[in-house]
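J.: Here is my input; please provide its structure:
(2 chains)
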Amino acid sequence: MVIKLDGVEKTLGGQAVLKGVTLDIPKGKITTIIGPSGEGKSVMLKHIIGLIRPDRGRVIIDGTDLTQINEQELNDIRKKFAMLFQSAALFDSMNVFENVAFPLREKRIMAEQEICRWVPEMLERVGLDKMGHKFPAELSGGMKKRAGLARALVMGPEIILFDEPTTGLDPLMAHAIHDLILAMHKTFGFTGVMVSHEIPEIFPISDWVAMLKNGQIIAMSPSDEFQQTSNPVVREFISVNNGIHLAQA
Amino acid sequence: MIFLQHIGKRTLFLIEEMGAMFVFLIRTFGWLFRPPVRIAQIIKQMHFVGFKSSFVVILTALFTGMVLALQGYYSLRKFGSEGLLGSAVAISMIRELGPVLASLMVTARAGSAMTAEIGIMRITEQIDALETMAINSLQYLITPKVVASLLSVPLLVAMFDVVGIWGGYLVGVKLLGVSGGSYWSSIESAVEWKDVYGGILKSVSFGLIISWVCCYKGYYTRMSAEGLGKATTESVVLAAVLILVWDYFLTSVLM
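T.: Just a heads-up that it's a prediction; the model follows:
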């Protein structure tokens, strides 16, 4: 297991959000966390990358407990990661090219010439060729997510966290982003952890699916088994979301 | 009882906030001296804090010097001491008005923008994005602003002093007929190095207060548009009050 959460508890603003989350995420697979809104899925994702530290419990990445290391060591661990945020979190003072080139320039792992060759290639892979000069404010929601994905992929991370990557997109664009994530996963072979509401869209692209409810993981299994689960809470959640999906379609 | 509870809660909040502000300052200083030195970022921020504030500082300085000369002239004339107008204007400018008013103008123009910029980056998860790339947000975002303020505010204060003294000259000498020679010679005989040194010390410390308070308020803004608006208002008010309070303490020490 590349990522392991062991009894993670977190209280935010006086409210217990995570109440002992225990989860193993396998290497090289896409694991999707589903669950009702406000259950702490994004909070859990931020624990995995050390943006939030747990009140209790352990977050273990490749055998290193994030709760026991200092800031410098945490930064070393973060070099394995990339994250695609719900809002894409592009730097609005930079254009798309500069956004994607940013981690390469900051970490000085490539010469400027190589960056000028590599970034357009990455933009082409996510369907944003010749869009490098545009600023985030000039992009549609889907284009922002594509640019965010290019920035996440550019450093060749071992693990990518996706925080609701299709929120706010129309069904066609959401489908296109899911296809893109799957294609990039096949090309780069990263370990993916995704938080999403998109049921049933997420099933074909996920290897594993877990459900977070009442601050705990109540079910986790391979994607095809998850859809056939006998757990009544999970079944109800899937059928309600399927209904919403059909109504939207 | 409820009233006492409210006071207690408010006091605890203030103590907690002050502690968090000092921790933020110490952590920022900790990152200030670690490589890489972000020269391009510092120059960009100096352009924003310093160069772009220069017009409003010049305008304020000009009219401050002019009104000071106008008031000073009629007060000094009662004692037949119009010749001391230059020294009255210059000492007021260099010791007090220059550092305080220039810093207040920088707070209003650049400090509020610092809070808004950092606050928006917090709300839109851009700061989190930096952290996930293993880039320390304090070092990348805050330290260039602190260095730029420490360097720019003293330069703006120097500009304020010079323009203010010339404003006083325009009104005192050109408008009210004070002798130009006595205006400049009274400045030369009255202004000491101690006054200039005190002004520089004040302006450097005010530069630190502006960047510290405004960056802190933006960095820890609440995740809403209302929270950002509140943070911006609070940063300007708190920085302005701290400048005035710190000015009193520094003046009493330097006297």
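J.: Got phi/psi on A:T229?
T.: When quoted as degrees, to the nearest 10, the phi and psi of A:T229 stand at phi -60, psi 150.
J.: What about it, how many residues nearby?
T.: Other residues lying near A:T229 total 16 when counted by other CB atoms under 10 Å in any protein chain shown. In short, each C-beta sits where N, CA and C put it, glycine included.
J.: what does B:W184 give?
T.: For B:W184, using other CB under 10 Å, the count is 16.
J.: mind listing what's buried in the strand or helix carrying it?
T.: B:W184 is located in helix B:180-190, with elements delineated by DSSP states H and E. When burial is assessed from 16 or more other CB atoms under 10 Å in any protein chain shown, helix B:180-190 yields the following buried residues: B:S182, B:Y183, B:W184, B:S186, B:I187.
J.: Also stretch A:136-144?
T.: The neighbour-count check on stretch A:136-144 (16+ other CB under 10 Å) flags A:P136, A:L139, A:G141, A:G142, A:M143, A:K144 as buried.
J.: rewinding a little: which among the buried residues of helix B:180-190 gets closest to chain A?
T.: B:I187 (44.1 Å; CB to the nearest CB).
J.: surely B:L97 meets B:G164?
T.: Yes: shown here, B:L97 and B:G164 form a contact pair, counting by CB atoms under 8 Å, at 6.8 Å.
J.: what sits in contact with each of these two?
T.: Overlap of the contact sets of B:L97 and B:G164 (by CB atoms under 8 Å, 6 or more residues apart in numbering or on different chains) consists of B:T64, B:L68.
J.: Neighbour count: those two, which is higher?
T.: Here B:L97 and B:G164 are compared on neighbour count by other CB under 10 Å; more neighbours surround B:G164, at 31 against 22.
J.: how much space is there between that one and B:Y197?
T.: With the distance defined as CB to CB, to the nearest Å, B:G164 ends up 18 Å from B:Y197.
J.: low pLDDT regions in chain A?
T.: A:1, A:243-249 (pLDDT under 70).
J.: centroid residue for it?
T.: The structure's chain A has its C-alpha centroid closest to A:F162; by CA atoms, centre = their mean the separation is 1.2 Å.
J.: Helix, strand, or coil at the residue nearest the centre of chain B?
T.: Ranked by distance to the mean C-alpha position of chain B (CA atoms, centre = their mean), the top residue is B:S103 at 2.4 Å. The three-state label given to B:S103 by DSSP: H, G, I helix; E, B strand; the rest coil is helix.
J.: What are the boundaries of the strands in chain A?
T.: Taking DSSP state E as the criterion, chain A carries its strands at A:3-12, A:15-25, A:30-34, A:56-61, A:64-65, A:81-84, A:159-163, A:191-195, A:208-213, A:216-222.
J.: in its sheet, what does the first one sit against?
T.: Taking DSSP bridges as the criterion, strand A:3-12 pairs within the sheet with strand A:15-25 (antiparallel), strand A:56-61 (antiparallel).
J.: Mind putting the ones you listed into a markdown table with distance to A:D129 and mean neighbour count?
T.: Conversion of the strands paired with strand A:3-12 to a markdown table gives the following (distance: least, CB to CB, whole Å; neighbours: other CB atoms under 10 Å in any protein chain shown):
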| stretch | distance to A:D129 | mean neighbour count |
| --- | --- | --- |
| strand A:15-25 | 33 | 18 |
| strand A:56-61 | 34 | 18 |
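J.: Quick one: closest of those to A:S239.
T.: Set against A:S239 and scored by CB to CB, the strands paired with strand A:3-12 come closest in strand A:15-25, at 23.8 Å.
J.: Now do the closest one and strand A:216-222, the angle between them.
T.: Relative orientation of strand A:15-25 and strand A:216-222, computed by axes from the mean of the first three to the mean of the last three CA atoms, to 10 degrees: 20 degrees.
J.: could you show me where the helices are in chain A, in order?
T.: In chain A, the helices defined using DSSP state H lie at A:41-48, A:71-78, A:96-107, A:112-125, A:141-153, A:171-188, A:202-205, A:223-227, A:232-248.
J.: just those: most buried one?
T.: The highest mean neighbour count among the helices of chain A belongs to helix A:141-153 (a mean of 24), with neighbours defined as mean count of other CB atoms under 10 Å in any protein chain shown.
J.: Now do that helix: which elements does it pack against?
T.: The elements that helix A:141-153 packs onto, with contact taken as 3 or more CB pairs under 8 Å, 6 or more residues apart in numbering or on different chains; DSSP states H and E, are strand A:81-84, helix A:96-107, helix A:112-125, helix A:171-188.
J.: touching chain B at all, the shortest one?
T.: Same thing as strand A:81-84. Yes: counting by CB under 8 Å from any CB of the partner chain, chain B is contacted by strand A:81-84 at A:F81, A:A82, A:M83.
J.: If we only consider the residues you listed, which is nearest to B:V57?
T.: Checking these against B:V57 by CB to CB gives A:M83 as the nearest, at 41.7 Å.
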